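Trainee: missing the sequence, but the structure's below:
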């Protein structure tokens, strides 16, 4: 297989305007304001900390952004091999005319200053969107987000529900819910009503998905309202809930959310497999890991109970990918969704991308999402994915199955863009 | 590594006449009668259903074969990327002179009619066998199959035992057993005797293997007859058995089967890892999935207790392949067997084939079986495997280890053909 | 990607002098004395046995070395495909001028005799070290090894602790401990003291690591001394300990060892995932296997409790590699360590090597160790690894990320050599 063929396919894929179906963008501050916003991404802080940089050096309160970059640059050396470092270099090249091999003690400050000058442009956000061919960006909104004062045709709201499912026992979460909905949620019926109000609000503002991240041992099942009522009541009286009670509430809320997705015709993004706060002394957002011993069989009841709800599924453990392929091949309501976090490196993307293209209907694959916090990251992350996709299309389709290049690009377009539009529905 | 080298090896491998050591062929209707037999293969119905085709459209009672194909063609588009679709195209090319890129609303009927004309030939079955270089085909026979009226030197009987191990509590199964053996199986001793009679019948008719598929949590162990007697007795009195009682009977029957394999010198094909009826509303044969959390350590007692029985093992989860490699490398009685079902796609075959060729004695590897229901599928499925095998032999042996091409082909011949003959024994 | 590029990188990597950070070398008999020492490596005996050679033929008491080789040669044919066989051929080529394609009934004796002549040279050990560019070799020493009479700047002691953690209930182990330390270890306090003495002895003799292999279900946690005292006391009175009591002692000893590592600033090599004696009738060292259902989450407490201890981690199951990558990427004290045993074959090394180079800081990766029992094996094993490393560096760094070859080789040097020196500390 010739490199020229891969390059041709890659350039065709690069020309496709993107919808990014999962990010953590703040629509009120979507682009970076300085290199500190970029290098403050948890990938760099956690890798630098892993390589030996003390957390206190990174998270000192009141730390000046420029000084933060200065300090992180000292620890970039050990990370130069990582693909995450290559994203940084790609950003600096594409947006800041920086084409050195490395960021060092000698060149970082000029880079910082030059970047700052570019970012201060009033249209910086639009420049980034345009350079990255980003047309639409899905958000991850707290359930009590007012969703106000941003263009929801560009920044598409999604209802993130981790707090509701896993932290409803916390008074602060229940207060936020009460404030957002006007319901006290002292009974299961009231809780259902409150959740309904959240969905109503989100759908009205153009939300296109409900989303949640789930621990490896979660197993959804329906729960009777009568089983939940006494727990909600005792929570109201500051009773400390047992692990069993917490699990009951979690399952009840999760099932209720799915019922709402069915009613409102929203896909429910499941991001399966994360254990939170495994490394307790880690940097911010650099504390979570996983247990590979999980299975989609835990979701059999859910998938059977809600044939009308589409579940775009991301798995954290690469060892879960074959199950994801197989469940998507069998269940009409299960679709593959991107390459998530610890699985989002080329060695695993390549294998996972190949297996999905070989065995899941092409209409049921959402190729990629960036998961980014700042707009600048769509470009290098999608580029990484598109390089791999181009290579798989070249090898497995153009060469092995003698497809025309045009047909291969059509397949690429479908998983990159077409399926995002169809599965989440167009916003007008 | 040059493509020419791979092509040369592939053509050598293509010339090797095949024995297919595991299929679901009906020897009384081995070849297809129409395209509906081919497109009715569960891979197409389940993928079309997964892509959105209602089950009722596929499984309407009394549906005319041509209309069935007509309907399925409407849903082929979403499946064109899958390797299963490529099998279909390869069949249509090799057997029906069809060389279009796609099967569409415009061309399907001409294809259907042309295929029907070819298939009506009285020697169609022989044509397929000859074009596919298929010399022998192993069957999967129900335990009460009379095994009559077919050429058992071409179609080799194998005793399939799922019903006995997992469904003996059903009156219908016990009645079938009684009818087939003349034993009522009301006690453990009678059950053992009945099973012995089944083996006697199968061996007399040239059976070369006992076979079973097993759920991920199955763990074989010996069971005392005294523990089984009261359960069999209560079954006789229509008592509904508990889960524990069912498990006891399953283990007892499984161990008894293995004892029979030891006595009759039959290999025992274990197909490990399937959960049945996970998607209950799925199409026929499109409802089963798996839980990757399984281990061959569950079989340690079995492998140690029966050194004289050869266990050709297939694993459903690709994540089980390394265990299979390692257990085959250590246990003399464990051999690797093909690439099964959800693992039977190029991305996984390639990795699994490489690891087996690198670490399992070459005499202990059964390269591939088709698992087909209709003869026409041997050609594209074995061809897929042989392409991958050729590529691995080229890369890992001819290039990396400087083997002659001839020696590499010899290795390919052994895993494709020689080992099947030696491990299952020649039928005369 | 051109083969020439890979070859150039490979030759640069071959030029790097090695420190082998984990072996089972006996420093008093480091090199082989005959081909029987080489072919007696458990890889050959277990694979030959797996292929059909009776254990008694291999392990007959008083068997003459030459006759042992004679017998093993009869069973080499079935193993010729394995990568382990390729190590043997590489040894015979590099050290004994043997360049046939195979070792056969016709040529083995000449090879045996020629090898014997070479090995009898008084400087054979030095020749092997020099040809292999081996500068330093880490050992695996029993806790009661006197560590006397060898050059510990060449052969670096490491304290192996399996016996202490898992077999302290055996009187023989407690007697060895008493003899080595002068402490009876009848209480937890005494046991801690005895373990302290072992560390003192090892550190004084230049030990650079503590090491242990662990079963898949092990989960370390601290244990109160009061919980251990009665168990130690009852052991003293020949009481047969329960499984729970054994587990309590294991955890206590393991935690104590880690405390000693913290105090003495020794890395603690964890080799995770082996089940011992799974195949009870197997040949010596050919009885162990594994259960892939294990997770590094079992070590979360340990990693959090000992931030000052470096844990170089090897995993037996290839399916554990992504967890290892992710835990090393997050925890500062976790580093990746080589490719162990059943994962030490090219198909898995390649995937594991790629994923580590893509996502773990380059300073936190120990590329490879040989695990050898005889010096001759460093050459083919490291060569296998360096071929794969060269290929990954070529593809993923020089081609995909446009690194200079020089920079790619620097990365290779770091994981092959530099990190070993830094992580384990230089011996003078």
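Mentor: Structure received. Keep in mind it's a predicted model, so treat the numbers as computed, not measured.
Trainee: residue numbers of chain A in contact with chain B?
Mentor: Residues of chain A found near chain B (Cβ under 8 Å from any Cβ of the partner chain) are A:1, A:293-297, A:300, A:303-304, A:307, A:319-320, A:322-323, A:325-332, A:351, A:354-355, A:357-364, A:396-397, A:399-401, A:407, A:411. Where C-beta positions appear, they are placed from N, C-alpha and C, glycine not excepted.
Trainee: show me those that map onto helices.
Mentor: Among those, the ones falling in helices (DSSP state H) are A:300, A:303-304, A:322-323, A:325-330, A:351, A:354-355, A:357-359, A:407, A:411.
Trainee: ok, which stretches of the stretch 201-350 of chain A are helices?
Mentor: A:225-236, A:243-264, A:300-305, A:321-330, A:346-359 (DSSP state H, counting those that start in this stretch).
Trainee: give me the mean pLDDT for the longest one.
Mentor: Confidence for helix A:243-264, expressed as mean pLDDT, is 98.
Trainee: list the buried residues in it.
Mentor: A:245-261, A:264 (16 or more other Cβ atoms under 10 Å in any protein chain shown).
Trainee: angle of it against helix A:225-236?
Mentor: Per axes from the mean of the first three to the mean of the last three Cα atoms, to 10 degrees, the angle that helix A:243-264 makes with helix A:225-236 is 120 degrees.
Trainee: and helix A:243-264, what does it pack onto?
Mentor: Packed against helix A:243-264, as judged by 3 or more Cβ pairs under 8 Å, 6 or more residues apart in numbering or on different chains; DSSP states H and E, are the following elements: helix A:162-166, helix A:188-204, strand A:209-214, helix A:225-236, strand A:268-272.
Trainee: of all those, which gets the most neighbours per residue?
Mentor: strand A:268-272 (a mean of 26; mean count of other Cβ atoms under 10 Å in any protein chain shown).
Trainee: what about that strand, average pLDDT?
Mentor: pLDDT averaged over strand A:268-272 gives 98.
Trainee: next, the angle helix A:321-330 makes with it.
Mentor: Relative orientation of strand A:268-272 versus helix A:321-330 (the same axes, to 10 degrees): 150 degrees.
Trainee: need the contact partners of strand A:268-272.
Mentor: For strand A:268-272, the external contacting residues (Cβ atoms under 8 Å, 6 or more residues apart in numbering or on different chains) are A:22, A:158, A:209-214, A:216, A:218, A:257-258, A:261, A:294, A:296, A:299, A:309-316, A:320, A:337, A:340.
Trainee: out of the helices and strands packed on helix A:243-264, which gets nearest to residue B:170?
Mentor: helix A:225-236 (34.7 Å; Cβ to Cβ).
Trainee: and that closest one, average pLDDT?
Mentor: On average, helix A:225-236 scores 95.
Trainee: helices or strands up against that helix?
Mentor: Applying 3+ Cβ pairs under 8 Å, 6+ apart, one finds that helix A:225-236 makes contact with helix A:188-204, helix A:243-264.
Trainee: for the stretch 151-300 of chain A, which residue gets nearest to chain C?
Mentor: residue A:291 (4.2 Å; Cβ to the nearest Cβ).
Trainee: can you pull the contacts of that residue?
Mentor: Residue A:291 touches A:216, A:217, A:273, A:275, C:295, C:297, counting by Cβ under 8 Å, 6+ apart.
Trainee: quick one: it and residue A:211, what's the gap?
Mentor: As judged by Cβ to Cβ, to the nearest Å, residue A:291 and residue A:211 stand 21 Å apart.
Trainee: let me know the secondary structure of the spatially most central residue of chain A.
Mentor: Chain A has residue A:371 as the residue nearest its centroid, 3.6 Å off, counting by Cα atoms, centre = their mean. Per DSSP: H, G, I helix; E, B strand; the rest coil, the secondary structure class of residue A:371 is coil.
Trainee: what is the neighbour count of the closest residue to it other than its chain neighbours?
Mentor: What sits nearest to residue A:371 in space, not counting adjacent residues and going by Cβ to Cβ, 6 or more residues apart in numbering or on different chains, is residue A:22, at 6.0 Å. Residues contacting residue A:22 under the criterion other Cβ atoms under 10 Å in any protein chain shown number 25.
Trainee: same thing with residue A:280?
Mentor: 8.
Trainee: next one: residue A:4
Mentor: The number of residues near residue A:4, taken as other Cβ under 10 Å, comes to 9.
Trainee: that one should be in a strand, yeah?
Mentor: No - going by three-state DSSP, the assignment for residue A:4 is helix, not a strand.
Trainee: what parts of the stretch 101-250 of chain A come near chain C?
Mentor: By the rule Cβ under 8 Å from any Cβ, the part of the stretch 101-250 of chain A lying against chain C is residue A:101.
Trainee: now with 10 Å?
Mentor: A:101, A:102, A:216 (Cβ under 10 Å from any Cβ of the partner chain).
Trainee: next step: the residues you listed restricted to strands.
Mentor: Counting by DSSP state E, these place none of their members in strands.
Trainee: export those to a markdown table and append columns for neighbour count.
Mentor: Output for these, formatted as a markdown table (neighbours: other Cβ atoms under 10 Å in any protein chain shown):
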| residue | neighbour count |
| --- | --- |
| A:101 | 11 |
| A:102 | 14 |
| A:216 | 21 |
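Trainee: from those, which is closest to residue C:153?
Mentor: residue A:102 (35.8 Å).
Trainee: let me know the pLDDT of that closest one.
Mentor: 97.
Trainee: just give me the neighbour total for the residue nearest to it when sequence neighbours are not counted.
Mentor: Once flanking residues are discounted, residue A:102 sits nearest to residue A:80: 6.6 Å by Cβ to Cβ, 6+ apart. Neighbours of residue A:80 under the rule other Cβ under 10 Å: 20.
Trainee: pretty sure residue A:80 sits against residue A:48.
Mentor: No - using Cβ atoms under 10 Å, residue A:80 is not in contact with residue A:48; the gap is 11.7 Å.
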